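>>> Okay, structure incoming, though there's no sequence with it:
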C-alpha cells in the first residue's frame, strides 16, 4: 500500500506546482509496472512505479520511461509530459515517476467496435503514422544516442528474452523450446538499421483524442530502446493473427474488410512507404521473434503472479498465454514453410 500523506508531502517538496492533498486509484490494466491515477488539488497526474518484491535484472525500468518521454517532448511523437522521477525507495517502497494525466480514449479491441468504418480506417492510418514518427526520431538531436546499444539488436534480444524466460519458467513448454531454438538459429544478418523503438506498440498503449481519430499520447515506454524498427512493426502485426475471442484480442476470425480495417499486408506496405523502404525481407522471422518475445514476457507475468507480486488480478490468465503464443509462432513458420 502507498501512504497517500507521505507521497503528497514528498511531491509538494520535490515537484514544481504540485499541491495536495491527493487520492490514489490504481488503473486496472497493466501487467508490469503498477500505474495509478493521482487526483490532487493541483490537478490530475499518473504515477508509474516498479512493482514490489524481487525483480529480474533490467526489468521495470521506470527511469528509462521517464528519460525517453522527456526526450520526446516537442517531437512528432505524442507523449504524456513527464514531471518527476523518484529513485528513493523509502517514499513508496520502489522507484516511480509522475507524468501528466491525458484525457482521451483508450481502446482494447482492435476491431474498434466503438468507431464507425471511416473513423476506424483513420485510426489505423494514425497508428501507422505515429509508428513511423517514433522510428524517424533524430537520436542525436533528442539526446538518445546512448539510449541503447547499436547493432546486433535481434541477437541481443533473443539472448535477453531467452534468459528472462528461463528465469521465469514454471513448467516445460515444448513449443516454446522449439521456438527458442528456431529464432536463435535464424537471426538475420545485422543490416545496420537502428532507431528508437517503443517495444510494446499495441492498441491499448495509445490514448486517442476524445472525438478525433488522433493519438494524443503513446504510453508504457518500459521496453523502449534503440533497435531495429521492424521489431515494432511485427509486434503490432501480431494482432492480425491473434484470435478475436482471447484475453489479448486480435483480428483473426472477424470480417476486417467489412469494418474498414486494413489487411496486415496493406498496413505493412503503408509503413514501408512512409519509411521509404523498397520491401521487407525476413518477415517470418520478425513475426516469430515477436511471438517469442511476448511469450517470454507473459511467462514473467505468470511467475510474478505465483510469487505474489503481480500488478494485475488477471496475471495468471495472461501468463497462460505462453504456450498458445509459442504454438501460434510455430504455425506462422509453417505457413511460410520455414520449419
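Looks like it came in fine. Everything quoted here is computed from the prediction, not taken from an experiment.

>>> Just the buried positions in whatever helix or strand residue 120 lives in, please.
Using DSSP states H and E, residue 120 falls within helix 117-135. By neighbour count with 16 or more other Cβ atoms under 10 Å, helix 117-135 contains the buried residues 119-124, 126-128, 130-135. Where C-beta positions appear, they are placed from N, C-alpha and C, glycine not excepted.

>>> next one: stretch 95-105
Buried residues in stretch 95-105 (16+ other Cβ under 10 Å): 95, 96, 97, 98, 99, 101, 102, 104, 105.

>>> The second one reaches residue 46, doesn't it?
The one in question is residue 96. No - contact status for residue 96 versus residue 46: not in contact, 10.3 Å apart, counting by Cβ atoms under 8 Å.

>>> which helices and strands does the lengthiest helix in the chain pack with?
Longest helix in the chain by number of residues (criterion: DSSP state H): helix 283-307. Of the remaining helices and strands, those touching helix 283-307 by 3 or more Cβ pairs under 8 Å, 6 or more residues apart in numbering; DSSP states H and E are helix 153-168, helix 174-185, helix 229-237, helix 315-319, helix 322-335.

>>> how far away is residue 82 from residue 133?
18 Å (Cβ to Cβ, to the nearest Å).

>>> If we only consider the buried residues of stretch 95-105, which is nearest to residue 12?
The shortest approach to residue 12 among the buried residues of stretch 95-105 belongs to residue 98, at 12.2 Å (Cβ to Cβ).

>>> Hey, what's the angle from the longest helix of the chain to helix 174-185? Just curious.
130 degrees (axes from the mean of the first three to the mean of the last three Cα atoms, to 10 degrees).

>>> roughly how far out does helix 283-307 sit from the chain middle?
In terms of Cα atoms, centre = their mean, to the nearest Å, the centre of helix 283-307 is set 12 Å apart from its chain centre.

>>> Give me the residues contacting the helix holding residue 120.
Outside of helix 117-135, the residues within contact range by Cβ atoms under 8 Å, 6 or more residues apart in numbering are 75-78, 112, 115, 195-198, 201, 203, 206, 208, 213-215, 218, 229, 232-233, 236, 259-262, 267, 270-271, 274-275.

>>> Keep only those of these that are in helices.
Per DSSP H, those map to helices at 229, 232, 233, 236, 259, 267, 270, 271, 274, 275.

>>> for the stretch 51-200 of the chain, which spans come out with low pLDDT?
Applying pLDDT under 70 to the stretch 51-200 of the chain picks out residues 52-60.

>>> try 90 this time
51-61, 74, 149-152, 170, 190-193 (pLDDT under 90).

>>> Residue 62: which of the buried residues of helix 117-135 is nearest?
Distances from residue 62 to the buried residues of helix 117-135, taken by Cβ to Cβ, are shortest for residue 134, at 19.4 Å.

>>> coming back round to it: which one of the helices and strands packed on helix 283-307 lies nearest to residue 28?
helix 315-319 (12.2 Å).

>>> Give the buried residues for that closest one.
315, 318, 319.

>>> Determine the angle, from 0 to 180 degrees, between the helix holding residue 120 and helix 229-237.
Using the same axes, to 10 degrees: helix 117-135 against helix 229-237 is 150 degrees.

>>> Quick check: residue 81 vs residue 256, distance?
For residue 81, the distance to residue 256 - Cβ to Cβ - is 35 Å.

>>> Residue 291 now?
Where residue 256 is concerned, residue 291 sits at a distance of 20 Å (Cβ to Cβ).

>>> When these two are compared, which one has more neighbours?
Remark: of residue 291 and residue 256, residue 291 carries more neighbours, 27 against 19, as counted by other Cβ atoms under 10 Å.

>>> The more buried one and residue 325 touch, don't they?
Yes - assessed by Cβ under 8 Å, residue 291 is found in contact with residue 325 at 5.1 Å.

>>> what about the closest residue to residue 41 other than its chain neighbours, neighbour count?
Counting by Cβ to Cβ, 6 or more residues apart in numbering, residue 19 is the residue found nearest to residue 41 once chain neighbours are left out, at 4.3 Å. By the measure other Cβ under 10 Å, the count of residues near residue 19 is 13.
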